[in-house]
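Asks: need a structure here:
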Amino acid sequence: MNDLQVFVHDGQVYTSLTAHSLPNIIPYEPLWDPRDDSDSSPDDSDTPLTTRWAYAARPWFPLIPLNPSFDGPIFGCLNHSRFSLLTEVDQQGKYLLHRDIRGKWHDLEQKLLWCQECLGAGLLVPWGTKLPRPPTAYGYQRSHADANLAKKVAMRSRNAFLLIATTCSWHIMSRRYRGSNHAWMSILTNDLKYPIPAEWVLELSRSFVGDLTTNVPRTGALISSVHCPWQVQLPIFEKFSIPIWVRFPQNASASAVDFSLHHYIPSQGAITRATEAVQLDQPDDVIWGQPDDVAWGQPDDVTWGQQDDNSQTTLGWNGSVLGWGQDGGDQPMSDAPEAHADLDSLFPIPKPHSGQKRGEAWKAFFARRRDENKKKEETETPAQRQSRQSRERAAMNHSIPGRSSTVIVFEWQPDDEFDGFRQRVRLTKAELPMTWMSYNKSTRVYDSFRNEWDLCDALDPTSIPDGDWEEDNFPSTPPSEPSNPTPAPPLPPLSSFLQDIDTYFGGYEVAPSAQYTSGVERFVSVLHFHLGYQLAASTTKPRGRSTTFDDWTRKTKWAHLCKLVGDDSENITSIPDAQKHVITCFIGYLVTISQSQLSEIPPDLWDLGPDPSLSVSNAHIRVSYVQHSNQRLYIIEPRLLSSSLVPWKLAVTEAITAVMCLRRDWGPEITKIALHLLEKGIAIKTLLPMSVASHARRPLTELRTYTLGHVLPPKDHRLPHFRPVYADYIMYEQHRHEFMNQPRARAALLHGGLIWRLALHSLGFEVLPSVLDGISREAVPFGLMLSIDGQTYFDDELSEEEGVSRERNKITDDANGLMTSTQWKGSLKFNPGTNKMMKNVDAACCSFLATVTSNIGHMAPLSFSLHPRLHLSPARPPLPLIR
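Replies: Residues are numbered from 1 along each chain as shown. Next comes the predicted model:
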């Protein structure tokens with residue numbers, strides 16, 4: 001077959017249809033007959049985490065994820081190392097896992113066991129299949145003699161979660177092989193007695209449990225060509241690209257090959273080519289499953305202890321073991337000052353007397369020590385050599401150094417504050433006994449030149465410590481006998497599923513309310529800069545008074561007037577009563593008169609009155625407008641050449657905003673003006689002139705559409721009949737945070753108002769300056785495009801549907817229909833007085849700008865354009881991800 005890969009290793013031939021290289025370590029073939037492995041297949045949580053031989057009783061083995069990522073709302077509670085686990089002491093003085101961690105693990109165990117049972121119900125499971133034991137059986141809920149043992153048992157129990165998660169994946173794969181891709185999700189969500197919330201199941205589908213693509217590497221399995229214990233499972237594994245290798249003994253005949261494995265038989269020519277490649281030391285690929293020589297569970301640390309010829313040095317000091325050759329690879333850090341320029345903020349201060357340099361990783365440390373020891377060896381005397389070799393021979397048995405010993409022991413401990421960077425820490429005599437037994441011969445390194453031991457579990461992440469595990473050894477599984485069915489696991493409360501989602505996504509609320517409202521203006525500022533009230537006004541008997549006006553000013557309370565302007569009267573204590581009356585008359589004009597009567601407002605009250613006192617000759621900026629289709633944009637530009645050049649033009653859509661910029665002493669830095677507006681939640685546009693191909697624009701249907709469930713069908717088409725439940729809100733928060741992880745989140749911040757505030761909930765106030773660095777990569781295909789006078793301008797913008805519907809109110813199969821952004825805004829209930837006031841102010845601002853500014857009819861070219869910035873790529877990477 002053309003897709004058949006052929007490998008030769010130690011004289012044995014291996015073939016595969018789903019893998020392009022052999023696993024990193026090929027275990028010994030079991031001595032027992034794989035046809036009858038009733039009590040011999042591994043039953044611990046560590047052994048299956050690497051590639052194993054096929055066991056008839058455990059067809060789920062090959063799906064165990066390699067280098068799993070413990071993150072997200074479901075598996076984030078498992079994201080612990082031995083150093084980050086917390087323990088507590090019970091009433092008997094014994095140590096056990098901290099109750100908070102223990103409780104989260106127990107809840108997750110219940111949920112996964114329930115999913116395992118539901119997904120496996122009704123499936124044709126091979127006879128004799130054994131499901132893994134629950135994590136509780138590995139001891140994480142028990143107390144132990146000391147804290148180190150409690151942590152080791154907890155880590156072993158954590159690995160057991162992978163086993164029951166794998167059986168869920170195995171059931172999902174079996175169902176997908178026979179039916180719909182989403183049928184398994186419906187089984188969990190549509191159970192009549194116990195429906196799991198769809199939000200939680202969606203997250204499960206995105207984890208290594210539901211993602212059966214090659215994006216999640218799996219350990220796979222090795223099969224002997226003589227017998228295949230998985231005749232039914234093998235086609236399923238092949239369809240989903242699960243790594244399967246078949247081994248053919250030397251001089252094996254085709255008649256001895258299991259019938260179900262005949263399509264794995266290689267041609268003689270392929271065997272010859274694979275053999276020649278090995279002889280020429282030209283492997284076709286890197287070791288499968290370990291990209292960049294990464295070992296399981298430690299993506300940044302290579303595996304030590306094995307040389308190219310599979311021999312192992314006694315103390316682990318061989319150069320090939322360290323992972324560096326003479327001519328390449330990662331080298332120790334340079335001592336040059338440039339290499340240490342930024343170490344103060346990136347790496348912790350080395351521990352006293354550790355010998356570790358700041359920012360020096362453990363691999364670089366050992367490489368440097370190896371080179372230093374080579375130089376020492378060249379100059380040592382015969383007596384020194386004899387003494388050193390004597391120490392080396394004594395250390396070969398890896399016995400614990402006694403209290404009278406002069407040997408020094410260091411442990412490489414990860415620092416959680418610096419992303420797990422390992423520090424070399426000297427151990428005290430009291431710490432040594434239990435810490436020593438947490439390692440084994442593959443994770444201890446002795447330096448005979450300095451009489452020092454290094455304990456580093458990164459040397460062999462899958463090693464089993466030498467500690468006393470007797471109290472945690474479990475009896476082997478008895479042979480298969482008829483037994484009563486295992487009782488169903490206790491059902492976790494349904495609320496705990498939503499709590500997982502709420503806890504995880506609720507943690508993204510990075511900006512406290514006081515922070516992202518700090519730029520919102522208060523009463524006096526709104527009154528003067530937005531509405532145009534003259535702060536020195538003294539008119540108490542306005543002209544043109546009417547009955548409506550008199551009634552309104554007489555009946556309106558000060559607290560109500562403050563709410564019309566958008567503030568609380570309790571926040572306004574410095575305005576005297578006489579001035580309050582003048583302000584009431586000013587607001588009374590705007591609320592009670594029509595647009596044709598605005599000229600009746602006295603000029604000493606309003607700077608936009610019949611004789612406007614507002615000066616258009618702002619010292620720093622000028623405002624012009626351009627009419628495009630049914631939209632008018634107001635362009636704000638510096639009067640003089642600014643020191644901070646930007647490739648885009650600042651535009652606002654509201655005349656009130658443009659006039660407000662004239663009233664303020666802002667400028668001439670356009671970026672500062674734009675940032676001021678962003679901080680206040682005012683909508684702006686940053687129009688970038690670009691010329692792109694026509695196919696660069698993409699239909700909005702290519703954007704992901706977010707939907708909410710739990711719809712109660714109304715009797716008619718009116719929106720009030722929609723009754724969202726709590727699950728809808730959790731789902732909405734989940735989708736909102738997911739959207740804010742995308743480049744189009746910039747459009748939400750430019751949008752202003754409520755959408756701006758929702759974006760700040762996810763991203764935080766500190767991201768606002770990055771909005772001004774340029775358009776995102778999605779602005780051209782999906783954003784705003786304006787064509788003015790032969791020039792096209794682009795900016796990030798939410799579509800009518802995206803503004804609200806795609807983020808909040810799109811309901812699948814809802815009789816209410818799709819609610820547009822305009823409809824949603826119209827459904828908001830504002831005080832009629834506020835609506836009337838703002839319409840009058842907007843009309844006056846439009847009239848003022850039309851009179852005193854020039855209608856340019858087109859965009860002036862950017863005389864200060866930065867040519868390297870005028871391309872399709874964004875000016876900088878998208879906004880930072882949610883943390």
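Asks: would you map the strands across the stretch 601-750 of the chain?
Replies: Taking DSSP state E, counting those that start in this stretch as the test, the strands found in the stretch 601-750 of the chain are 621-628, 631-638, 649-652, 685-689.
Asks: check contacts around the nearest residue to residue 143 once chain neighbours are set aside.
Replies: Using CB to CB, 6 or more residues apart in numbering and skipping residues adjacent in sequence, the residue nearest residue 143 is residue 94, 3.7 Å away. (Glycine included, C-beta is placed from N, CA and C.) The contact partners of residue 94, by CB atoms under 8 Å, 6 or more residues apart in numbering, come to 143-145.
Asks: of these - the most surrounded one?
Replies: The most crowded member of these, judged by other CB atoms under 10 Å, is residue 144 (20 neighbours).
Asks: from what I can see residue 56 touches residue 130, true?
Replies: No - counting by CB atoms under 8 Å, residue 56 does not reach residue 130; the two are 9.5 Å apart.
Asks: quick one, what contacts the closest residue in space to residue 659 that isn't next to it in sequence?
Replies: Closest residue in space to residue 659, ignoring its immediate chain neighbours: residue 845 at 4.5 Å, by CB to CB, 6+ apart. Applying CB under 8 Å, 6+ apart, one finds that residue 845 lies in contact with 608, 655-656, 658-659.
Asks: okay, residue 845: pLDDT?
Replies: pLDDT, residue 845: 90.
Asks: how about the secondary structure of it?
Replies: Here residue 845 is recorded as helix under DSSP: H, G, I helix; E, B strand; the rest coil.
Asks: for it, give its distance to residue 649.
Replies: Distance, residue 845 to residue 649, by CB to CB, to the nearest Å: 20 Å.
Asks: over to residue 402?
Replies: In terms of CB to CB, residue 402 sits 77 Å off from residue 649.
Asks: more crowded one of the two?
Replies: Ranked by neighbour count (other CB under 10 Å), residue 402 and residue 649 place residue 649 first, with 21 against 9.
Asks: now the more buried one: closest residue in space that isn't a chain neighbour?
Replies: Counting by CB to CB, 6+ apart, residue 649 lies nearest to residue 687, which is 4.8 Å off, once chain neighbours are set aside.
Asks: who are the neighbours in contact with the one you found?
Replies: So residue 687 contacts 633, 648-649, 651, 784, 786, 793-795, 859 (CB under 8 Å, 6+ apart).
Asks: ditto for residue 418
Replies: Contact analysis of residue 418 by CB under 8 Å, 6+ apart lists 346-348.
Asks: please indicate which of these are buried?
Replies: Buried subset of these (neighbour count, 16 or more other CB atoms under 10 Å): residue 347.
Asks: can you give me the strands in the stretch 301-450 of the chain?
Replies: Using DSSP E, counting those that start in this stretch, strands in the stretch 301-450 of the chain cover 408-415, 421-426, 444-447.
Asks: out of those, indicate the one that is most buried.
Replies: With neighbours taken as mean count of other CB atoms under 10 Å, the strands of the stretch 301-450 of the chain reach their highest mean count in strand 444-447, at a mean of 22.
Asks: partner strands of the next helix or strand after it, with direction?
Replies: Toward the C-terminus, strand 444-447 is succeeded by strand 452-455 as the next helix or strand (DSSP states H and E). Its sheet considered, strand 452-455 pairs with strand 408-415 (parallel), strand 444-447 (antiparallel) by DSSP bridges.
Asks: so how far is the longest one off the chain centroid?
Replies: Yep, that's strand 408-415 we're talking about. How far strand 408-415 lies from its chain's middle: 30 Å, per CA atoms, centre = their mean, to the nearest Å.
Asks: again, but for the shortest one
Replies: On the basis of CA atoms, centre = their mean, strand 444-447 sits 38 Å off its chain's mean C-alpha point.
Asks: what is the mean pLDDT for it?
Replies: The pLDDT scores in strand 444-447 average 92.
Asks: got a list of contacts for it?
Replies: Residues outside strand 444-447 that contact it (CB under 8 Å, 6+ apart) are 315-317, 366, 369, 373, 392, 395, 398, 452-456, 459.
Asks: quick one: least confident helix or strand in this structure?
Replies: Ranking every helix and strand in the chain by mean pLDDT, DSSP states H and E puts strand 294-295 at the bottom, with a mean of 32.
Asks: show me where pLDDT drops low in the stretch 701-850 of the chain?
Replies: Within the stretch 701-850 of the chain, the segments meeting pLDDT under 70 span 701-728, 800-830.
Asks: for it, what spans make up the helices?
Replies: 726-740, 745-751, 753-763, 768-771, 779-782, 800-803, 821-827, 832-852 (DSSP state H, counting those that start in this stretch).
Asks: nearest to residue 837, of the strands of the stretch 601-750 of the chain?
Replies: Among those, the nearest to residue 837 by CB to CB is strand 649-652 (19.8 Å).
Asks: what does the closest one rub up against?
Replies: Identification of contacts with strand 649-652 by CB under 8 Å, 6+ apart yields 633-637, 658, 661, 670, 673-674, 677, 682-687, 793, 859, 862.
Asks: one more pass at 7 Å, please.
Replies: Contacts with strand 649-652, where a contact means CB atoms under 7 Å, 6 or more residues apart in numbering, come from 633-636, 658, 670, 673-674, 684-687, 862.
Asks: also stretch 112-128?
Replies: Stretch 112-128 is contacted from outside by 56-57, 59, 134, 161, 164-165, 167-168, 171-172, 174, 184, 187-188, 191, 232, 480, 488-489, 491-492, using CB under 7 Å, 6+ apart.
Asks: weakest of the strands of the stretch 601-750 of the chain by average pLDDT?
Replies: Looking at the strands of the stretch 601-750 of the chain, the lowest mean pLDDT belongs to strand 621-628 (a mean of 83).
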